[in-house]
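A.B. asks: Below are the sequence and a predicted model for it; my questions follow.
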Amino acid sequence: TTRVVMRIRPGVPTLNELSRGVRLGREVLRWSRGQPSILAICPSHVHVFWKSFEGLDLPDLQCVFTPGNYADGKLTELDDYPGVTGSAWQHRPESSGWVRARSTNVFEDPEINPNYLADPMDRQVHLAGIRLVRRLLTTPEMLRHVEGEIQPGLALQTDDELLDFARRNGSTTFHLAGTARMGPATDPTAVVDDRLQVHGLQGLRVVDASIMPNLPSANTLATVLMIAEKAADLIRGRQAPAEDVPVAAFEAA
């Protein structure tokens, strides 16, 4: 994902001001009283699912909006000036990278190359995402509060300029999945079967986002909760509940 950052006009409160000094003290007090507070909210307040190109059957982009902006090169540290941030990422990128062991020493960090934006389709979708976020942050409703674009900056407009910026400033969206994917024993890339049991081992299951065969087109939380619910039933030997209403009743209706 590549962040688009807009500076906000003076007097419009953002997370940047509310998380410092006296204002932060007020937010802590509000939280202690059970009142709305920045201590009890997710930084991303708006989520958008959108199509990078007209004619697609389903959205292939997810966008988020945060009423704050982060310091340059930092993932979670808020900047000193008031701003807002929008970003977009591709649901299922085509590029693939690799992880290689540097030595037989398990305590030595591996060599990792995610190979982002290697596939031409990924580059086109990412550019569409940046331009979509720019449009959303410059609507008439937003322009009442926005002073100007800080990042990438209006000087960057061409595909090459934006891709260069993305390569130098882009980051992941932290939804790791698929490292112990589900599949049949005949699949050399599969780690667990459809009962979440590790192939070739007895009494060991994996129950988290790593068993997903493919990335979901959204955040992973709800999917992981359902995986855990199913795993609990498998471990306890519980059968799926019978239908309360026979299928024939629906057919008759």
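C.D. replies: Perfect, thanks for sending it.
A.B. asks: Mind listing what's buried along stretch 158-175?
C.D. replies: For stretch 158-175, the neighbour count (16 or more other C-beta atoms under 10 Å) marks 162-163, 165-166, 170-171, 175 as buried. Placement of C-beta: from N, CA and C, glycine included.
A.B. asks: do stretch 15-27 as well
C.D. replies: For stretch 15-27, the neighbour count (16+ other C-beta under 10 Å) marks 15-18, 27 as buried.
A.B. asks: which of those residues sit farthest apart?
C.D. replies: N16 and E27 (12.6 Å; C-beta to C-beta).
A.B. asks: Which secondary structure element is home to A228?
C.D. replies: helix 221-236 (DSSP states H and E).
A.B. asks: residues making contact with that helix?
C.D. replies: 195-196, 205, 207-209, 211-212, 216, 238-240 (C-beta atoms under 8 Å, 6 or more residues apart in numbering).
A.B. asks: count of residues packed around L234?
C.D. replies: By other C-beta atoms under 10 Å, the residues close to L234 number 15.
A.B. asks: ditto for G86
C.D. replies: Neighbours of G86 (other C-beta under 10 Å): 27.
A.B. asks: Kindly report the same for the one 5 residues further on.
C.D. replies: Residues within reach of H91, counting by other C-beta under 10 Å, total 16.
A.B. asks: Next: the one 5 residues further on.
C.D. replies: Neighbourhood size, S96 [other C-beta under 10 Å]: 10.
A.B. asks: can you give me the strands for the stretch 101-250 of the chain?
C.D. replies: 111-113, 146-151 (DSSP state E, counting those that start in this stretch).
A.B. asks: what about those, which gets the closest to L75?
C.D. replies: strand 146-151 (14.1 Å).
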